[in-house]
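Undergrad: Please work out how this folds:
(4 chains)
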Protein chains: 2
Amino acid sequence: MTLRELKMERTRDLIAETALALFRDRGFAATTVEEIAAAAEVGARTVYRHYPTKESLVLSSFANMFETGLKDLRACPEGTELPDVLRTILESLLRSHLGMPERLMTAYKVARDMPSVLAHFVYMLQIWEMDLAREVATRVGGRSADFVAELAVRQTGSVFILAHRKWFESDGQADLRQLTLEALDLLRSDAVPVASRLS
Amino acid sequence: MTLRELKMERTRDLIAETALALFRDRGFAATTVEEIAAAAEVGARTVYRHYPTKESLVLSSFANMFETGLKDLRACPEGTELPDVLRTILESLLRSHLGMPERLMTAYKVARDMPSVLAHFVYMLQIWEMDLAREVATRVGGRSADFVAELAVRQTGSVFILAHRKWFESDGQADLRQLTLEALDLLRSDAVPVASRLS
DNA sequence: TGTCATCTGACAGTCACTGTCAAGTGGCAG
DNA sequence: CTGCCACTTGACAGTGACTGTCAGATGACA
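TA: Below you'll find the predicted structure:
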(Lines give C-alpha, C1' and ligand atoms only; values in the text may rest on other atoms or scores of the structure.)
Protein backbone atom coordinates (compact mmCIF):
# COMPACT_ATOMS: atom_id res chain seq x y z
CA MET A 1 0.00 0.00 0.00
CA THR A 2 1.45 3.35 -1.03
CA LEU A 3 1.75 6.32 1.26
CA ARG A 4 -0.96 8.11 -0.68
CA GLU A 5 -3.43 5.27 -0.22
CA LEU A 6 -2.53 5.05 3.45
CA LYS A 7 -3.28 8.72 4.00
CA MET A 8 -6.52 8.47 2.13
CA GLU A 9 -7.60 5.50 4.17
CA ARG A 10 -6.69 7.34 7.34
CA THR A 11 -8.64 10.43 6.30
CA ARG A 12 -11.59 8.25 5.41
CA ASP A 13 -11.59 6.58 8.80
CA LEU A 14 -11.12 9.84 10.63
CA ILE A 15 -14.13 11.36 8.89
CA ALA A 16 -16.44 8.48 9.78
CA GLU A 17 -15.25 8.35 13.36
CA THR A 18 -15.61 12.10 13.81
CA ALA A 19 -19.06 12.01 12.26
CA LEU A 20 -20.19 9.15 14.49
CA ALA A 21 -19.01 10.98 17.60
CA LEU A 22 -20.85 14.13 16.58
CA PHE A 23 -23.99 12.18 15.76
CA ARG A 24 -23.85 10.49 19.14
CA ASP A 25 -23.40 13.78 21.01
CA ARG A 26 -25.66 16.14 19.07
CA GLY A 27 -27.90 13.86 17.05
CA PHE A 28 -27.85 13.02 13.37
CA ALA A 29 -30.18 15.70 12.10
CA ALA A 30 -28.63 18.43 14.21
CA THR A 31 -25.18 17.82 12.79
CA THR A 32 -24.35 19.36 9.43
CA VAL A 33 -21.81 17.93 7.04
CA GLU A 34 -19.86 21.18 7.24
CA GLU A 35 -19.52 20.73 10.98
CA ILE A 36 -18.25 17.21 10.44
CA ALA A 37 -15.75 18.47 7.89
CA ALA A 38 -14.59 21.23 10.23
CA ALA A 39 -14.21 18.80 13.14
CA ALA A 40 -12.24 16.37 10.99
CA GLU A 41 -10.22 19.27 9.60
CA VAL A 42 -11.00 18.60 5.96
CA GLY A 43 -13.03 20.37 3.31
CA ALA A 44 -16.71 19.57 3.04
CA ARG A 45 -16.13 18.39 -0.51
CA THR A 46 -13.69 15.80 0.77
CA VAL A 47 -16.35 14.23 2.95
CA TYR A 48 -18.47 13.61 -0.10
CA ARG A 49 -15.51 12.23 -1.99
CA HIS A 50 -15.28 9.40 0.52
CA TYR A 51 -18.94 8.97 1.42
CA PRO A 52 -21.76 9.44 -1.06
CA THR A 53 -24.34 10.49 1.53
CA LYS A 54 -24.57 11.62 5.11
CA GLU A 55 -26.27 8.33 5.96
CA SER A 56 -23.37 6.32 4.64
CA LEU A 57 -21.18 7.87 7.31
CA VAL A 58 -23.09 5.71 9.75
CA LEU A 59 -23.53 2.68 7.53
CA SER A 60 -19.87 2.25 6.71
CA SER A 61 -19.51 0.79 10.20
CA PHE A 62 -21.57 -2.19 9.07
CA ALA A 63 -20.14 -2.61 5.60
CA ASN A 64 -17.09 -4.54 6.77
CA MET A 65 -19.18 -7.04 8.66
CA PHE A 66 -21.24 -7.83 5.59
CA GLU A 67 -18.30 -8.02 3.24
CA THR A 68 -16.51 -10.41 5.54
CA GLY A 69 -19.58 -12.60 5.74
CA LEU A 70 -19.70 -12.87 1.99
CA LYS A 71 -15.99 -13.58 1.76
CA ASP A 72 -16.16 -16.32 4.39
CA LEU A 73 -19.05 -17.90 2.55
CA ARG A 74 -17.08 -17.98 -0.69
CA ALA A 75 -14.20 -19.62 1.16
CA CYS A 76 -16.34 -22.68 2.00
CA PRO A 77 -14.91 -25.79 0.30
CA GLU A 78 -17.05 -27.12 -2.50
CA GLY A 79 -18.49 -30.22 -0.91
CA THR A 80 -19.67 -28.49 2.27
CA GLU A 81 -23.18 -29.41 3.37
CA LEU A 82 -25.71 -26.59 3.04
CA PRO A 83 -26.55 -26.33 6.73
CA ASP A 84 -22.85 -25.90 7.41
CA VAL A 85 -22.59 -23.23 4.73
CA LEU A 86 -25.36 -21.30 6.41
CA ARG A 87 -23.75 -21.77 9.79
CA THR A 88 -20.58 -20.30 8.36
CA ILE A 89 -22.46 -17.09 7.66
CA LEU A 90 -23.72 -16.79 11.20
CA GLU A 91 -20.33 -17.53 12.67
CA SER A 92 -18.68 -14.99 10.43
CA LEU A 93 -21.12 -12.34 11.61
CA LEU A 94 -20.54 -13.24 15.23
CA ARG A 95 -16.80 -13.02 14.72
CA SER A 96 -17.00 -9.63 13.00
CA HIS A 97 -19.19 -8.50 15.78
CA LEU A 98 -16.65 -9.19 18.46
CA GLY A 99 -14.32 -6.83 16.62
CA MET A 100 -15.88 -3.46 17.37
CA PRO A 101 -18.91 -3.61 19.58
CA GLU A 102 -18.85 0.00 20.86
CA ARG A 103 -18.65 1.59 17.46
CA LEU A 104 -21.37 -0.77 16.30
CA MET A 105 -23.52 0.14 19.28
CA THR A 106 -23.18 3.84 18.56
CA ALA A 107 -24.02 3.27 14.91
CA TYR A 108 -27.09 1.28 15.90
CA LYS A 109 -28.27 4.00 18.22
CA VAL A 110 -27.89 6.66 15.58
CA ALA A 111 -29.68 4.48 13.04
CA ARG A 112 -32.55 3.72 15.40
CA ASP A 113 -33.49 7.36 15.75
CA MET A 114 -33.21 8.21 12.09
CA PRO A 115 -35.61 6.47 9.69
CA SER A 116 -33.60 7.41 6.63
CA VAL A 117 -30.51 5.75 8.09
CA LEU A 118 -32.43 2.72 9.23
CA ALA A 119 -33.99 2.42 5.81
CA HIS A 120 -30.62 2.35 4.13
CA PHE A 121 -29.37 -0.16 6.64
CA VAL A 122 -32.22 -2.52 5.93
CA TYR A 123 -31.60 -1.99 2.24
CA MET A 124 -27.95 -2.93 2.68
CA LEU A 125 -29.09 -6.07 4.44
CA GLN A 126 -31.38 -6.91 1.57
CA ILE A 127 -28.64 -6.50 -1.02
CA TRP A 128 -26.36 -8.58 1.13
CA GLU A 129 -28.91 -11.37 1.38
CA MET A 130 -29.31 -11.38 -2.37
CA ASP A 131 -25.55 -11.64 -2.83
CA LEU A 132 -25.39 -14.50 -0.37
CA ALA A 133 -28.32 -16.24 -2.03
CA ARG A 134 -26.67 -16.05 -5.44
CA GLU A 135 -23.62 -17.69 -3.97
CA VAL A 136 -25.59 -20.35 -2.11
CA ALA A 137 -27.70 -21.13 -5.17
CA THR A 138 -24.63 -22.48 -6.95
CA ARG A 139 -24.41 -25.11 -4.25
CA VAL A 140 -28.04 -26.20 -4.52
CA GLY A 141 -29.04 -28.71 -7.16
CA GLY A 142 -32.39 -29.33 -8.80
CA ARG A 143 -35.08 -26.97 -9.96
CA SER A 144 -36.11 -23.88 -7.99
CA ALA A 145 -32.56 -23.68 -6.69
CA ASP A 146 -32.84 -19.90 -6.54
CA PHE A 147 -36.03 -20.02 -4.46
CA VAL A 148 -34.55 -22.56 -2.09
CA ALA A 149 -31.33 -20.59 -1.72
CA GLU A 150 -33.12 -17.31 -1.06
CA LEU A 151 -35.48 -18.82 1.45
CA ALA A 152 -32.60 -20.48 3.27
CA VAL A 153 -30.52 -17.31 3.33
CA ARG A 154 -33.43 -15.21 4.47
CA GLN A 155 -34.07 -17.62 7.30
CA THR A 156 -30.46 -17.31 8.30
CA GLY A 157 -30.72 -13.55 7.99
CA SER A 158 -33.77 -13.60 10.24
CA VAL A 159 -31.84 -15.40 12.93
CA PHE A 160 -29.12 -12.78 12.71
CA ILE A 161 -31.53 -9.85 12.73
CA LEU A 162 -33.68 -11.08 15.59
CA ALA A 163 -30.68 -11.90 17.74
CA HIS A 164 -29.18 -8.51 17.01
CA ARG A 165 -32.39 -6.70 17.79
CA LYS A 166 -32.63 -8.35 21.19
CA TRP A 167 -28.96 -7.73 21.82
CA PHE A 168 -29.45 -4.08 20.99
CA GLU A 169 -32.50 -3.82 23.22
CA SER A 170 -30.40 -5.13 26.10
CA ASP A 171 -28.06 -2.19 25.44
CA GLY A 172 -25.29 -4.59 24.43
CA GLN A 173 -25.38 -6.44 27.73
CA ALA A 174 -26.84 -9.73 26.49
CA ASP A 175 -24.73 -12.46 24.93
CA LEU A 176 -25.20 -12.22 21.19
CA ARG A 177 -24.02 -15.78 20.60
CA GLN A 178 -26.55 -17.08 23.09
CA LEU A 179 -29.36 -15.14 21.45
CA THR A 180 -28.33 -16.37 18.02
CA LEU A 181 -28.31 -19.93 19.30
CA GLU A 182 -31.76 -19.52 20.77
CA ALA A 183 -33.29 -18.21 17.54
CA LEU A 184 -31.51 -20.87 15.53
CA ASP A 185 -32.69 -23.67 17.77
CA LEU A 186 -36.28 -22.51 17.48
CA LEU A 187 -36.01 -22.57 13.72
CA ARG A 188 -34.43 -26.03 13.73
CA SER A 189 -37.06 -27.38 16.09
CA ASP A 190 -40.24 -27.04 14.02
CA ALA A 191 -41.55 -24.64 16.66
CA VAL A 192 -42.03 -22.04 13.95
CA PRO A 193 -45.25 -22.52 12.01
CA VAL A 194 -45.42 -22.23 8.24
CA ALA A 195 -48.42 -20.80 6.43
CA SER A 196 -50.91 -23.44 5.33
CA ARG A 197 -51.24 -24.06 1.66
CA LEU A 198 -53.31 -21.51 -0.21
CA SER A 199 -56.78 -22.67 -1.15
CA MET B 1 -67.18 12.38 4.72
CA THR B 2 -67.45 16.11 4.34
CA LEU B 3 -66.91 17.96 1.09
CA ARG B 4 -63.69 19.40 2.43
CA GLU B 5 -62.29 15.96 3.23
CA LEU B 6 -63.39 14.71 -0.16
CA LYS B 7 -61.54 17.48 -1.96
CA MET B 8 -58.44 16.90 0.11
CA GLU B 9 -58.49 13.20 -0.63
CA ARG B 10 -58.92 13.94 -4.31
CA THR B 11 -56.03 16.40 -4.34
CA ARG B 12 -53.91 13.88 -2.51
CA ASP B 13 -54.63 11.19 -5.04
CA LEU B 14 -54.12 13.54 -7.96
CA ILE B 15 -50.69 14.54 -6.69
CA ALA B 16 -49.47 10.96 -6.33
CA GLU B 17 -50.85 9.93 -9.69
CA THR B 18 -49.34 12.94 -11.44
CA ALA B 19 -46.01 12.32 -9.75
CA LEU B 20 -45.98 8.64 -10.71
CA ALA B 21 -46.68 9.51 -14.34
CA LEU B 22 -43.88 12.06 -14.41
CA PHE B 23 -41.49 9.65 -12.72
CA ARG B 24 -42.36 6.99 -15.28
CA ASP B 25 -41.84 9.34 -18.23
CA ARG B 26 -38.83 11.39 -17.11
CA GLY B 27 -37.33 9.41 -14.29
CA PHE B 28 -37.44 10.02 -10.54
CA ALA B 29 -34.30 12.10 -10.19
CA ALA B 30 -35.03 14.22 -13.25
CA THR B 31 -38.41 15.29 -11.91
CA THR B 32 -38.49 18.12 -9.39
CA VAL B 33 -41.21 18.52 -6.82
CA GLU B 34 -42.04 21.90 -8.30
CA GLU B 35 -42.71 20.29 -11.64
CA ILE B 36 -45.02 17.79 -9.97
CA ALA B 37 -46.83 20.61 -8.21
CA ALA B 38 -47.18 22.55 -11.44
CA ALA B 39 -48.47 19.50 -13.32
CA ALA B 40 -51.00 18.76 -10.59
CA GLU B 41 -51.89 22.46 -10.45
CA VAL B 42 -51.16 22.93 -6.77
CA GLY B 43 -48.53 24.78 -4.81
CA ALA B 44 -45.29 23.02 -4.02
CA ARG B 45 -46.03 23.44 -0.33
CA THR B 46 -49.23 21.49 -0.76
CA VAL B 47 -47.34 18.48 -2.06
CA TYR B 48 -45.37 18.36 1.16
CA ARG B 49 -48.49 18.79 3.21
CA HIS B 50 -49.77 15.47 1.88
CA TYR B 51 -46.49 13.61 1.45
CA PRO B 52 -43.54 14.01 3.77
CA THR B 53 -40.89 13.18 1.15
CA LYS B 54 -40.52 12.81 -2.58
CA GLU B 55 -40.01 9.08 -2.08
CA SER B 56 -43.32 8.71 -0.31
CA LEU B 57 -45.05 9.80 -3.51
CA VAL B 58 -44.06 6.42 -4.86
CA LEU B 59 -44.49 4.43 -1.68
CA SER B 60 -48.04 5.51 -1.01
CA SER B 61 -49.03 3.07 -3.73
CA PHE B 62 -47.96 0.23 -1.47
CA ALA B 63 -49.24 1.56 1.81
CA ASN B 64 -52.80 0.43 1.24
CA MET B 65 -51.72 -3.11 0.52
CA PHE B 66 -49.83 -3.34 3.78
CA GLU B 67 -52.54 -1.73 5.85
CA THR B 68 -55.14 -4.09 4.48
CA GLY B 69 -52.92 -7.06 5.28
CA LEU B 70 -52.65 -5.97 8.87
CA LYS B 71 -56.38 -5.34 9.10
CA ASP B 72 -57.23 -8.76 7.68
CA LEU B 73 -54.89 -10.38 10.13
CA ARG B 74 -56.59 -8.65 13.05
CA ALA B 75 -59.93 -9.85 11.75
CA CYS B 76 -58.94 -13.51 12.21
CA PRO B 77 -61.18 -15.18 14.83
CA GLU B 78 -59.42 -16.00 18.05
CA GLY B 79 -59.13 -19.76 17.77
CA THR B 80 -57.65 -19.76 14.27
CA GLU B 81 -54.68 -22.07 13.82
CA LEU B 82 -51.38 -20.27 13.26
CA PRO B 83 -50.72 -21.65 9.78
CA ASP B 84 -54.12 -20.34 8.76
CA VAL B 85 -53.37 -16.95 10.26
CA LEU B 86 -50.23 -16.75 8.17
CA ARG B 87 -52.11 -17.88 5.10
CA THR B 88 -54.56 -15.07 5.69
CA ILE B 89 -51.73 -12.60 5.30
CA LEU B 90 -50.65 -14.03 1.97
CA GLU B 91 -54.19 -14.13 0.68
CA SER B 92 -54.81 -10.57 1.72
CA LEU B 93 -51.75 -9.44 -0.18
CA LEU B 94 -52.79 -11.37 -3.26
CA ARG B 95 -56.23 -9.83 -3.09
CA SER B 96 -54.88 -6.28 -2.71
CA HIS B 97 -52.59 -6.99 -5.55
CA LEU B 98 -55.39 -7.77 -7.96
CA GLY B 99 -56.73 -4.29 -7.28
CA MET B 100 -54.23 -2.11 -9.09
CA PRO B 101 -51.54 -3.99 -10.91
CA GLU B 102 -50.54 -1.26 -13.41
CA ARG B 103 -50.02 1.42 -10.84
CA LEU B 104 -48.11 -1.07 -8.72
CA MET B 105 -45.98 -2.05 -11.68
CA THR B 106 -45.09 1.57 -12.39
CA ALA B 107 -44.26 2.13 -8.74
CA TYR B 108 -42.04 -0.94 -8.74
CA LYS B 109 -40.19 0.23 -11.82
CA VAL B 110 -39.55 3.64 -10.34
CA ALA B 111 -38.40 2.07 -7.09
CA ARG B 112 -36.06 -0.35 -8.83
CA ASP B 113 -34.05 2.44 -10.41
CA MET B 114 -33.82 4.57 -7.32
CA PRO B 115 -31.97 3.16 -4.31
CA SER B 116 -33.40 5.73 -1.93
CA VAL B 117 -36.93 4.72 -2.89
CA LEU B 118 -36.13 1.04 -2.73
CA ALA B 119 -34.54 1.52 0.65
CA HIS B 120 -37.65 3.12 2.04
CA PHE B 121 -39.79 0.42 0.52
CA VAL B 122 -37.78 -2.30 2.22
CA TYR B 123 -37.99 -0.30 5.42
CA MET B 124 -41.77 -0.13 5.11
CA LEU B 125 -41.77 -3.88 4.67
CA GLN B 126 -39.69 -4.29 7.80
CA ILE B 127 -42.01 -2.15 9.89
CA TRP B 128 -44.96 -4.00 8.51
CA GLU B 129 -43.43 -7.36 9.44
CA MET B 130 -42.82 -6.13 12.96
CA ASP B 131 -46.44 -5.00 13.25
CA LEU B 132 -47.64 -8.35 11.99
CA ALA B 133 -45.31 -10.20 14.34
CA ARG B 134 -46.58 -8.28 17.34
CA GLU B 135 -50.10 -9.27 16.39
CA VAL B 136 -49.18 -12.90 15.75
CA ALA B 137 -47.25 -13.14 19.00
CA THR B 138 -50.47 -12.69 20.97
CA ARG B 139 -51.68 -15.91 19.39
CA VAL B 140 -48.57 -17.92 20.29
CA GLY B 141 -48.27 -19.46 23.72
CA GLY B 142 -45.21 -20.49 25.67
CA ARG B 143 -41.81 -18.87 26.05
CA SER B 144 -39.99 -17.20 23.16
CA ALA B 145 -43.38 -16.36 21.67
CA ASP B 146 -41.91 -13.20 20.16
CA PHE B 147 -39.06 -15.06 18.46
CA VAL B 148 -41.41 -17.69 17.10
CA ALA B 149 -43.86 -15.07 15.83
CA GLU B 150 -41.17 -13.01 14.14
CA LEU B 151 -39.56 -15.98 12.50
CA ALA B 152 -42.92 -17.18 11.23
CA VAL B 153 -43.88 -13.77 9.89
CA ARG B 154 -40.53 -13.26 8.24
CA GLN B 155 -40.87 -16.62 6.54
CA THR B 156 -44.24 -15.57 5.26
CA GLY B 157 -42.80 -12.24 4.19
CA SER B 158 -40.06 -14.06 2.32
CA VAL B 159 -42.63 -16.00 0.36
CA PHE B 160 -44.35 -12.76 -0.55
CA ILE B 161 -41.15 -10.98 -1.49
CA LEU B 162 -39.68 -13.78 -3.58
CA ALA B 163 -42.91 -14.31 -5.46
CA HIS B 164 -43.22 -10.59 -6.09
CA ARG B 165 -39.66 -10.32 -7.30
CA LYS B 166 -40.18 -13.08 -9.84
CA TRP B 167 -43.48 -11.59 -10.87
CA PHE B 168 -41.82 -8.25 -11.38
CA GLU B 169 -38.98 -9.81 -13.37
CA SER B 170 -41.56 -11.31 -15.70
CA ASP B 171 -42.83 -7.77 -16.28
CA GLY B 172 -46.14 -8.63 -14.65
CA GLN B 173 -46.85 -11.49 -17.05
CA ALA B 174 -46.42 -14.37 -14.61
CA ASP B 175 -49.20 -15.54 -12.30
CA LEU B 176 -48.43 -14.13 -8.88
CA ARG B 177 -50.62 -16.65 -7.11
CA GLN B 178 -48.81 -19.50 -8.81
CA LEU B 179 -45.42 -18.09 -7.81
CA THR B 180 -46.58 -17.60 -4.23
CA LEU B 181 -47.79 -21.17 -4.13
CA GLU B 182 -44.49 -22.44 -5.43
CA ALA B 183 -42.43 -20.60 -2.82
CA LEU B 184 -44.84 -21.63 -0.08
CA ASP B 185 -44.74 -25.29 -1.08
CA LEU B 186 -40.97 -25.30 -1.02
CA LEU B 187 -41.00 -23.91 2.49
CA ARG B 188 -43.58 -26.45 3.63
CA SER B 189 -41.70 -29.35 2.07
CA ASP B 190 -38.46 -29.24 4.08
CA ALA B 191 -36.58 -28.55 0.85
CA VAL B 192 -35.16 -25.43 2.44
CA PRO B 193 -32.14 -26.17 4.63
CA VAL B 194 -31.66 -24.60 8.05
CA ALA B 195 -28.25 -23.63 9.39
CA SER B 196 -26.66 -26.33 11.53
CA ARG B 197 -26.30 -25.66 15.18
CA LEU B 198 -23.44 -23.39 16.12
CA SER B 199 -20.47 -25.19 17.65
C1' DT C 1 14.93 16.67 -9.08
C1' DG C 2 11.39 17.39 -12.45
C1' DT C 3 7.10 15.71 -14.30
C1' DC C 4 2.79 13.55 -14.02
C1' DA C 5 -1.24 11.58 -11.88
C1' DT C 6 -4.09 12.08 -8.19
C1' DC C 7 -6.09 14.15 -4.10
C1' DT C 8 -7.88 18.25 -2.01
C1' DG C 9 -10.42 22.54 -0.93
C1' DA C 10 -13.00 26.60 -2.48
C1' DC C 11 -16.77 28.34 -5.02
C1' DA C 12 -21.16 28.45 -7.10
C1' DG C 13 -25.38 26.36 -8.06
C1' DT C 14 -29.57 23.05 -7.71
C1' DC C 15 -33.11 21.09 -5.20
C1' DA C 16 -35.45 18.72 -1.19
C1' DC C 17 -37.58 20.22 2.67
C1' DT C 18 -39.41 23.53 6.58
C1' DG C 19 -41.53 27.59 9.18
C1' DT C 20 -44.50 31.26 8.71
C1' DC C 21 -48.35 33.86 7.44
C1' DA C 22 -51.95 35.98 4.75
C1' DA C 23 -55.71 34.66 1.64
C1' DG C 24 -59.30 31.47 0.24
C1' DT C 25 -62.95 28.06 1.12
C1' DG C 26 -66.07 24.88 3.36
C1' DG C 27 -68.72 24.03 7.84
C1' DC C 28 -71.96 25.61 10.79
C1' DA C 29 -74.66 28.48 14.08
C1' DG C 30 -77.75 32.20 14.29
C1' DC D 1 -79.21 33.58 3.98
C1' DT D 2 -75.32 35.37 6.32
C1' DG D 3 -71.47 35.97 9.02
C1' DC D 4 -68.03 33.75 11.89
C1' DC D 5 -64.75 30.08 12.67
C1' DA D 6 -61.67 26.31 11.44
C1' DC D 7 -59.04 24.44 8.16
C1' DT D 8 -56.65 24.20 3.72
C1' DT D 9 -53.80 26.43 0.51
C1' DG D 10 -50.05 29.04 -1.82
C1' DA D 11 -46.30 32.42 -1.60
C1' DC D 12 -42.02 33.60 0.42
C1' DA D 13 -37.74 33.03 2.58
C1' DG D 14 -34.34 30.15 4.47
C1' DT D 15 -31.46 25.86 5.59
C1' DG D 16 -28.68 22.19 4.30
C1' DA D 17 -27.57 18.00 1.40
C1' DC D 18 -25.36 17.18 -2.68
C1' DT D 19 -22.83 18.09 -7.39
C1' DG D 20 -19.74 20.07 -11.12
C1' DT D 21 -15.75 22.52 -11.80
C1' DC D 22 -11.17 23.99 -11.38
C1' DA D 23 -6.89 25.65 -9.56
C1' DG D 24 -3.46 24.35 -6.21
C1' DA D 25 -1.02 20.84 -3.38
C1' DT D 26 1.18 16.48 -2.75
C1' DG D 27 2.86 11.82 -3.38
C1' DA D 28 4.63 8.50 -7.20
C1' DC D 29 8.03 7.64 -10.29
C1' DA D 30 11.44 8.20 -13.89
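
Undergrad: Tell me the secondary structure at A:Ala29.
TA: coil (DSSP: H, G, I helix; E, B strand; the rest coil).

Undergrad: Not counting its neighbours along the chain, what's nearest A:Met105?
TA: Leaving aside its chain neighbours, A:Met105 sits nearest to A:Gly172 (5.0 Å; criterion: Cβ to Cβ, 6 or more residues apart in numbering or on different chains). Any C-beta I mention is one placed from the backbone N, CA and C, and that applies to glycine too.

Undergrad: what does chain A put close to DNA strand C?
TA: Counting by Cβ under 7 Å from any atom of the strand, chain A comes close to DNA strand C at A:Arg4, A:Lys7, A:Met8, A:Thr11, A:Glu41, A:Val42, A:Gly43, A:Ala44, A:Arg45, A:Thr46, A:Arg49, A:His50.

Undergrad: helix or strand for the third one, which one?
TA: Okay, so that is A:Met8. Following DSSP states H and E, the helix or strand that holds A:Met8 is helix A:3-26.

Undergrad: what helices or strands is the next helix or strand after that helix leaning on?
TA: Next in sequence after helix A:3-26, counting helices and strands by DSSP H and E, comes helix A:33-40. On a contact count with 3 or more Cβ pairs under 8 Å, 6 or more residues apart in numbering or on different chains; DSSP states H and E, helix A:33-40 meets helix A:3-26, helix A:44-50.

Undergrad: I would like the residues contacting helix A:33-40, please.
TA: For helix A:33-40, contacts defined as Cβ atoms under 8 Å, 6 or more residues apart in numbering or on different chains pick out A:11, A:14-15, A:18-19, A:22, A:43-44, A:46-48, A:54, A:57.

Undergrad: Give me the buried subset of the residues you listed.
TA: Neighbour counting over those (16 or more other Cβ atoms under 10 Å in any protein chain shown) leaves A:Thr11, A:Ile15, A:Thr18, A:Ala19, A:Leu22, A:Thr46, A:Val47, A:Lys54, A:Leu57 as the buried ones.

Undergrad: just those residues now: which is nearest DNA strand C?
TA: Of all those, DNA strand C sits closest to A:Thr46, with 3.0 Å by Cβ to the nearest atom of the strand.

Undergrad: ok, back up a step: quick one: closest of the helices and strands packed on helix A:33-40 to DNA strand D.
TA: Among the helices and strands packed on helix A:33-40, helix A:3-26 sits nearest to DNA strand D (Cβ to the nearest atom of the strand), with 3.3 Å.

Undergrad: Please compute how far that closest one lies from its chain's middle.
TA: Here helix A:3-26 is found 19 Å from its chain centre; the criterion is Cα atoms, centre = their mean, to the nearest Å.

Undergrad: What's the end-to-end length of stretch A:106-122?
TA: In stretch A:106-122, first residue to last residue: 17 Å (Cα to Cα, to the nearest Å).

Undergrad: same deal with stretch A:140-149?
TA: 7 Å.

Undergrad: in chain A, which spans are strands?
TA: With DSSP state E as the criterion, chain A has no strands.

Undergrad: Need the contact partners of the helix or strand bottoming out on mean pLDDT in chain A.
TA: Least confident helix or strand, chain A: helix A:101-112 with a mean of 93, by mean pLDDT, DSSP states H and E. Contact with helix A:101-112 is made by A:17, A:20, A:23-24, A:28, A:58-59, A:61-62, A:65, A:97, A:117-118, A:121, A:168, A:171-172, as judged by Cβ under 8 Å, 6+ apart.

Undergrad: With stretch A:170-178 instead?
TA: A:Leu94, A:His97, A:Pro101, A:Met105, A:Ala163, A:His164, A:Lys166, A:Trp167, B:Leu198.

Undergrad: from those residues, which would you call buried?
TA: A:Leu94, A:His97, A:Met105, A:Ala163, A:His164, A:Lys166, A:Trp167.

Undergrad: Between all of the residues of chain A next to DNA strand C, which two are separated the most?
TA: The two members of those with the most space between them (Cβ to Cβ) are A:Arg4 and A:Ala44, at 21.5 Å.

Undergrad: Spell out which parts of chain A neighbour DNA strand D.
TA: So chain A meets DNA strand D at A:2-5, A:7, A:31-34, A:44-45, A:48, A:52-55 (Cβ under 7 Å from any atom of the strand).

Undergrad: Swap in 6 Å and give it another go.
TA: A:Thr2, A:Leu3, A:Arg4, A:Thr32, A:Val33, A:Glu34, A:Arg45, A:Tyr48, A:Pro52, A:Thr53, A:Lys54 (Cβ under 6 Å from any atom of the strand).

Undergrad: ranking the residues you listed by neighbours, who comes first?
TA: Within those, neighbour counts (other Cβ atoms under 10 Å in any protein chain shown) peak at A:Lys54, which reaches 20 neighbours.

Undergrad: Contacts only, for the residue sitting furthest away from the middle of chain A.
TA: No residue in chain A has its C-alpha farther from the mean C-alpha position than A:Ser199, which lies at 37.8 Å (Cα atoms, centre = their mean). A:Ser199 makes contact with B:Glu91, according to Cβ under 8 Å, 6+ apart.

Undergrad: Tell me the spacing between it and DNA strand D.
TA: Distance from A:Ser199 to DNA strand D, counting by Cβ to the nearest atom of the strand, to the nearest Å: 42 Å.
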